[in-house]
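Engineer: Give the three-dimensional model of this entry:
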Amino acid sequence: MPAESFRDIAITLKTTCCKQIAFENCVLTSRKLFEFHTGCQDNDLSLSRLNIVDSTMLPDAYYDVANIVKITKCTILYLRYCDLSIQKLESLGKSCKESHSLIPRLGINWSNLTATDGHISILCDLMMCAVEMLALFNWEIDVKGKQRLIDTLHLGNSKIQRIQFPDGSNVYKRASMRN
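Structural biologist: The predicted structure is shown next:
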């Protein structure tokens, strides 16, 4: 699908009052996401959920995702099976910081890969961009990595209120909210 068509997708979403979209295996590029962003901005589109399932996206395309979340006031960003490299996560985090985008709920489904120290560091940085929840589905996180994420949560530097771990456990920012 040509990049210009992504602007039309935003127009269609607005005219049909659709509040959710899933881009699955669309070979998303920075150009396509920019066109979608422009269409969202031109049409004052708001989204409740943006799902992205695309292992072909390059790191620069993740930079555009935060801008889409911000302009559409999206409340849930769900990244599934995107072969998330450290560079892709860094690009998303950098864009969130530069555009002052806050993602209320960020879900990341990794597809059963082991999180390295680099991934954990970037996730700690992304916690500054997520407000309500960071959900990590199908990640393999060792005890040390899990503790680093919990420590980041409890240090109070992040805005995030809850982390949902792959084992289904939840850790809350305030001790009184723990399960």
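
Engineer: Tell me the spacing between K19 and F34.
Structural biologist: Distance, K19 to F34, using CB to CB, to the nearest Å: 21 Å. Heads up, the C-betas are built off the backbone N, CA and C, glycines and all.

Engineer: So which of those two has more stuff around it?
Structural biologist: A direct count of neighbours by other CB atoms under 10 Å for K19 and F34 places F34 higher, at 18 against 14.

Engineer: Could you check how many residues crowd around T29?
Structural biologist: Neighbour count of T29, defined by other CB under 10 Å: 18.

Engineer: I misspoke; the intended subject was C74.
Structural biologist: By the measure other CB under 10 Å, the count of residues near C74 is 25.

Engineer: What pLDDT is listed against the closest residue to it other than its chain neighbours?
Structural biologist: Closest residue in space to C74, ignoring its immediate chain neighbours: L47 at 4.5 Å, by CB to CB, 6 or more residues apart in numbering. With respect to pLDDT, L47 scores 96.

Engineer: and what of Q87?
Structural biologist: Per-residue pLDDT puts Q87 at 91.

Engineer: if I look at it, how far off is L102?
Structural biologist: Counting by CB to CB, the gap from Q87 to L102 is 22 Å.

Engineer: who's more crowded, those two?
Structural biologist: L102 (18 against 14).

Engineer: what about the nearest residue to that one once chain neighbours are set aside, how many neighbours?
Structural biologist: Leaving out its chain neighbours, the residue that sits closest to L102 by CB to CB, 6+ apart is V131, at 5.1 Å. V131 sits with 17 neighbouring residues when counted by other CB under 10 Å.

Engineer: V131 reaches S101, doesn't it?
Structural biologist: No: using CB atoms under 8 Å, V131 makes no contact with S101, being 10.4 Å away.
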